[in-house]
Every structure is written in structure tokens, then in C-alpha cells.
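Q: predicted coordinates and the sequence they were generated for:
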Amino acid sequence: MTETERQLEQIIDASNLSNVLEMIAGICYAKADHIQTNWQDGPLALAWETAGDKVNGLAERLEI
């Protein structure tokens, strides 16, 4: 297991998987906003927003 994997496991243990996924979704949405605002790259911003929607949906289904 890599150091990054260990750190991620610690974060999951401290918060729970659903909360971590919700945080990742929030990061995806923030990246979408940043890309659209600063680079005006609609397709890339939409890809990040779509990723956020999918991750958020997974978080809601897991609820563990």
C-alpha cells in the first residue's frame, strides 16, 4: 500500500466513506466552476460537473 493510499484510508476511517465521497464531489464541482471561470472550457467544466454528480450519487447510495 502506498503512502497516499494509507492517508486516504485514514481519512475514510475518520469520516466514513459516504462523507469522503461527498467531499470529492464538492471538489469536482469546485474544479468545474474554476475551469469555467478561468478557462471558459465548457466541455471540460461539464465533465467535472458530471463526475461530481456521479460521485455524489454513489455517496448517497452507499450511506455507510
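A: Ah, there it is.
Q: centre of the chain to stretch 10-26, how far?
A: 9 Å (CA atoms, centre = their mean, to the nearest Å).
Q: which outside residues touch that stretch?
A: Residues outside stretch 10-26 that contact it (CB atoms under 8 Å, 6 or more residues apart in numbering): 8, 52-53, 55-56, 58-60, 62-64. Backbone N, C-alpha and C define where each C-beta goes, glycine included.
Q: if I look at the residue minimising distance to the centre of the chain, how far off is Ile12?
A: Centroid check for the chain by CA atoms, centre = their mean gives Ile24 as the closest residue, at 2.1 Å. Note on Ile24: its distance to Ile12, by CB to CB, to the nearest Å, is 11 Å.
Q: pull out the buried residues from the longest helix seen in the chain.
A: Using DSSP state H to define each element, the chain has its longest helix at helix 17-39. Buried positions in helix 17-39, judged by neighbour count with 16 or more other CB atoms under 10 Å: 18, 20-22, 24-25, 28-29, 31-32, 35-36.
Q: so who does Leu44 touch?
A: Ile35.
Q: Ile35 contacts Ala51, correct?
A: No: assessed by CB atoms under 8 Å, Ile35 is found out of contact with Ala51, at 11.8 Å.
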